[in-house]
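Undergrad: Below is the sequence, then the predicted model.
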Amino acid sequence: MSLALLLLLPARTVANGGTVQVAGQVAGPYRLTVLTSPSPVRVGIADVSVLVQKAGSDDLVRDAHVLVTVTPPGGSGRTEVYEASHEMATNKLYYAAHVDLPAEGQWGVQVEVVGEMGEGEVSFQLEASQASPLENPMLLAGAVLLPLAIIGGWWTASHRGVQPGPPQP
Amino acid sequence: MSPELPAFLASWIWDPTVLGGLALSAALYGVGWRRLAQRSSGRRVLPAWRAWCFGAALVSVWIALLSPIAVYSELFFFMHMAQHLLLTVVVAPLMWLGAPLIPVLWALPRGLRVPIGSLFVPGNPLGRLFGFLTSSLVAMTIFIVAVGVWHVPPLYDAAQGRTLIHNTEHLFFLGAALLFWWPVIHPSGGKRRLSYGAAILYFFPPMLEGNLIGALLTFADRPLYATYLKASRVWGISVLQDQQLAGLLMWVPGGLVYAIPVFILMVLMFRQEQRSQDARLRYNGAGAARPEKGSDVAAREVTHHG
């Protein structure tokens, strides 16, 4: 059972995977791929990971300056700017930033890359929603273990004192 | 040296929850092991190699879930295949070779140990269910279906990027693999469900399935999974080359992994035959005499169960 939980728990922590928001889009001299996780994105902290390659090839650009700007739903509220870095990324090929999405709705995300070859940017909309109870590993574990515990307790209680074998003379 | 190699080697997932779970599993095993040894007055109830196998299983889980293999499985199909193979043909058999059920039960307080243990006694509901799921035909069928279904492209693609479904996929793989390996490794002791000969035959359907899927992936002339069409290409590996590598991985090393237990079972079966022959010779009063020429080895009854 603990092994099962181990397999379910990493769901929230594996970054640099997740959903492809921008797939190899050319932005100036670069080709950008942007992923977000968790999948789907929930209210709270989300990972925005950016892979920067040279436009027209698979060569990686490892020394660019990457900024991620998030705008709240409806354009109201404060725009936040985050610096993405290899250090924040799980996959060190990427630049990653952990952005705070404190409200539900469509957030505007802009990724800007500045490097020796020039500048480029891409934008997309990111839907943040409230987490489902199914995504809470503790609740999930309880939903599985509690019925087992009840069945086990009932079985043990109903068979307590029952001895196998023939009756004693 | 290409900067991409250091980036690969540095790409580990730091997940305290998973690491804590692995540490807890190791602690439970260790505490239970010690209690068993104390109860048996220092005599070793389980041989040390079983503890090593269980430790190796935990290390394999760590590699499958938290190493660069896990991180790069998002980019490369062959890395994802390596992850699945680790779970199904490395973690699962090592886990059962570690015989963890008794040590982990003994790690629990007595108040929990007895009721939880009694749930799985044959004849009790969970015991009956477990017995059914680990019967050879059912376990093999579940394993073959799990592997086959999750490799169907629409289902595979649906599981990627959707975290809960993706991890449910991994749970299915590991759960099905644990059921599959149970009748072969027989960690609970007692009466074997499969004779050595039957266990050898038991491996052929999943081996054939792995070979078939591996060959399909290797020789397909176009990418089959939309997931990897969308993934960024790095390391100079095209999406088709990535798929071919994944197919080769499943076909060759994946198939060889089944060959190892088949070989071991053949050795065990041969030894069992030898012991039966020796016992029969002693019983017949032949002592150290050599068996008659032309005796039909295949006609001798092999004592087996299941």
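TA: Arrived safely, thanks for sending.
Undergrad: C-alpha only now, for contacts and for neighbours.
TA: OK.
Undergrad: does A:A103 count as helix, strand or coil?
TA: coil (DSSP: H, G, I helix; E, B strand; the rest coil).
Undergrad: Which residues are in contact with residue 94?
TA: Picking chain A for this. A:N16, A:S49, A:V50, A:L51, A:V52, A:S85, A:H86 (Cα atoms under 8 Å, 6 or more residues apart in numbering or on different chains).
Undergrad: nope, chain B please
TA: B:C53, B:F54, B:A56, B:A57.
Undergrad: Need the buried ones from those residues selected in PyMOL.
TA: Typed into PyMOL, the next command selects the buried ones out of those (criterion: 16 or more other Cα atoms under 10 Å in any protein chain shown):
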select buried, chain B and resi 53+54+56+57
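Undergrad: which stretches of chain A have low pLDDT?
TA: Within chain A, the segments meeting pLDDT under 70 span A:1-17, A:134-146, A:148-169.
Undergrad: tally of neighbours for the residue in chain A that chain B sits nearest to?
TA: Using Cα to the nearest Cα, the closest approach of chain A to chain B is made by A:G18 at 4.3 Å. When neighbours are counted by other Cα atoms under 10 Å in any protein chain shown, A:G18 registers 25.
Undergrad: for the one 5 residues further on, same thing?
TA: Applying other Cα under 10 Å, we find 16 other residues in the vicinity of A:A23.
Undergrad: Repeat that for B:G236.
TA: When neighbours are counted by other Cα under 10 Å, B:G236 comes out with 11.
Undergrad: So it versus chain A, what's the distance?
TA: 7 Å (Cα to the nearest Cα, to the nearest Å).
Undergrad: Surely that residue is in contact with A:D58?
TA: Yes - counting by Cα atoms under 8 Å, B:G236 does reach A:D58; the two are 7.0 Å apart.
Undergrad: between the contacts of A:Y94, which is nearest A:V99?
TA: Lowest distance from A:V99 to the contacts of A:Y94 (Cα to Cα) belongs to A:S49, with 10.5 Å.
Undergrad: Shouldn't the closest one be within a helix?
TA: No - the assignment for A:S49, made by three-state DSSP, is strand rather than a helix.
Undergrad: Okay, and the beta partners of it?
TA: A:L35, A:A96 (DSSP bridges).
Undergrad: B:L208: how many residues sit nearby?
TA: So B:L208, with other Cα under 10 Å, has 14 neighbours.
Undergrad: What score does it have for pLDDT?
TA: For B:L208, the pLDDT comes out at 93.
Undergrad: Please apply the same query to B:R233.
TA: For B:R233, the predicted pLDDT is 87.
Undergrad: Which of the contacts of B:L94 sits closest to chain A?
TA: Nearest to chain A among the contacts of B:L94, with distances taken as Cα to the nearest Cα, is B:A57, at 10.9 Å.
Undergrad: quick one: the closest one and B:V90 touch, right?
TA: Yes - at 7.2 Å, B:A57 and B:V90 qualify as touching, with contact defined as Cα under 8 Å.
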